[in-house]
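In: Got a predicted structure plus its sequence, pasted below:
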Amino acid sequence: MLGSWNRIGLKAQFMMVTALNVAVTAIGVVILVGWFQSQQIEEKLHSFSVNELQSLHALVISAMNRRPGDTQNVAIGVFNDWFQGRNTDYPGKLWSVWGAKTTAYMKTQDSARPSKRPADAIDKEALRTGKPVGRFINGAYRYSLPIVFGVTRGADGKNCVMCHGQLMGEKKGGVIAVFSSSLSTAADFAALRRFLFLVLGCAIVAATAMMGVIWLVFERLVSRPLTMVTGAMTALARGEKLLHQKDEAIKYQSLITKESDHRLLNAMQMVAGLLSLQSKTSSNAETAGQLLIASNRVSMIARIHRRLNSLDGVQTVAFRTFLEEYCREFSEMLSLEEGAKRIVVADGVEIELPAATVVPLAFIVSELLTNAVKYSKGQIAIRLEADPEKGHLLSVSNSGSALPQGFDPDGSKGLGMKIISSFVKQIDGELRFGPADGNQGVQFTVLFS
């Protein structure tokens, strides 16, 4: 399994991890929205049921207050007819349930009359506890409101005490009756399901669009520009005959960079952030470490790129300050990659140079630093001095192995030396090399005006 994962490539791995994270986020959003909407539905049905049964209770209080003088039981008839009429318009069903004392008393008065018994477990719970009960059950929202003798408003009046207390023997706290409501939830939850399917569809569309954007970031804003830069560097390495092609490639790459630089930097920051996030969520310590190193390296590359890009539109640059900041960032990048602190120091005089000269010099320094890191383990030093012949002198030295006998940078087959030679010629400079101070290591020197 792990071998198959490693074989699919970093880009595919990144896309799969991103797709999984997007899918989990979309599912989480749908679940959260569904829960919130179901709570809203329950709150709406509960409020509707409470209002309806409170209105019924008010009607009952009014009817009971007229009982003593109502010899024809008109109030009771109105109460009973109310259920029949209201159930015609009510978007559910309403009914009442007698308490135990009321049921027993009514049997003694009219044994042929059917008892109003509990319809379900909700009614039984309200009768048993004397507290309102409301919840979803069997595709409906059920709510039962108990009328408690001596406690519920209206159940402590003189007429109620005379009837239920003296005649029926009800004690304070006993449940006289229960008013119940049942509202169908089919329409509400059908609408909720349609809404959730719409949210899920939108999430799928958004996820697809995001994956497409990420793919474009990798393919167009990272892979292609880097491929073009590599192609340009390869053309430079072919020698004097390809210098014209090199110039055209650099001009073309400069145009591409100016147009997409902002998006490219954002893409690098996003990649670094995603790699860092994935390192925190990875359960494999080695994978997490590698992802964190990759995140740090992408962040450092973005910072160096931003520094070079900041020279656009600048006429002159304080070159020693530029080198000091560049070396500090380069040292940080080496420390992140190698796990140990590597010192790259810049020293010498401060000079103001045209930005057009600083950019080639920055590439030269970058290549010389790369070679120094490759062939030495100690401190790397960069020095900037005045030179009586050319005007300025830039040197990079290290404490590594000496150059091989008969070394000739113009005849070197290495891409790095060819790039260095090309940029030295571009600024009309001169490249020298030899042992560093104390005959330890190597020092490369670039003289330029």
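Out: Thanks, I have it.

In: L56 contacts L94, doesn't it?
Out: Yes: L56 is in contact with L94 according to C-beta atoms under 8 Å; the separation is 7.1 Å. Where you see a C-beta, it was placed from the backbone N, CA and C, and this is true even at glycine.

In: residues shared between the contacts of these two?
Out: Common neighbours of L56 and L94, using C-beta atoms under 8 Å, 6 or more residues apart in numbering, are F179.

In: For the closest residue to I420 other than its chain neighbours, grab the count of nearby residues.
Out: Nearest non-adjacent residue to I420, counting by C-beta to C-beta, 6 or more residues apart in numbering: E367, 5.0 Å away. Neighbour count of E367, defined by other C-beta atoms under 10 Å: 21.

In: what about E367, helix or strand, and which?
Out: Assessed by DSSP states H and E, E367 sits inside helix 355-375.

In: and the helix or strand following that helix, which residues are buried?
Out: Following helix 355-375 in sequence order, the next helix or strand is strand 380-387 (DSSP H and E). For strand 380-387, the neighbour count (16 or more other C-beta atoms under 10 Å) marks I380, A381, I382, R383, L384 as buried.

In: Lowest-confidence member of these, which is it?
Out: On pLDDT alone, I380 ranks lowest of these, at 82.

In: okay but that one is in contact with V373, surely?
Out: Yes: using C-beta under 8 Å, I380 is in contact with V373, at 7.1 Å.

In: before we move on, the earlier item: which one of the buried residues of strand 380-387 sits closest to R193?
Out: I380 (65.8 Å; C-beta to C-beta).

In: is the closest one in a bridge, and if so with what?
Out: Beta-bridge partners recorded for I380 (DSSP bridges): V344, N398.

In: Against I420, how distant is it?
Out: 16 Å (C-beta to C-beta, to the nearest Å).

In: Please apply the same query to A112.
Out: 113 Å.

In: More neighbours: those two, which one.
Out: I420 (24 against 5).

In: which residues in the stretch 301-449 of the chain form helices?
Out: Under the criterion DSSP state H, counting those that start in this stretch, the stretch 301-449 of the chain contains helices at 319-338, 355-375, 415-426.

In: Tell me which of those helices sits nearest to G174.
Out: Taking these one by one with C-beta to C-beta, helix 319-338 is closest: 77.2 Å.

In: That closest one - what's its average pLDDT?
Out: 77.

In: helices or strands next to it in the packing?
Out: helix 285-309, strand 344-348, helix 355-375, strand 380-387 (3 or more C-beta pairs under 8 Å, 6 or more residues apart in numbering; DSSP states H and E).

In: closest to L45 out of these?
Out: helix 285-309 (48.2 Å).

In: Low-confidence stretches in the stretch 51-200 of the chain?
Out: Residues of the stretch 51-200 of the chain that meet the criterion pLDDT under 70 lie in 63, 65-81, 83-84.

In: mind redoing it with 80?
Out: Within the stretch 51-200 of the chain, the stretches with pLDDT under 80 are 58-89, 110-111, 154-165.

In: and S49, what is it in contact with?
Out: Residues near S49 by C-beta under 8 Å, 6+ apart: G134, Y141, Y143, S181, L183.

In: which of the buried residues of strand 380-387 lies closest to T102?
Out: Nearest to T102, judged by C-beta to C-beta, of the buried residues of strand 380-387 is I380 at 97.8 Å.

In: Please report how far the closest residue to M417 other than its chain neighbours lies from L393.
Out: Excluding its sequence neighbours, the residue lying closest to M417 (C-beta to C-beta, 6+ apart) is P409, at 4.9 Å. P409 sits 17 Å away from L393, taking C-beta to C-beta as the criterion.

In: So for the two, which residue has more residues nearby?
Out: Using other C-beta under 10 Å as the criterion, P409 and L393 rank with L393 on top: 21 against 17.

In: Sounds good, over and out.
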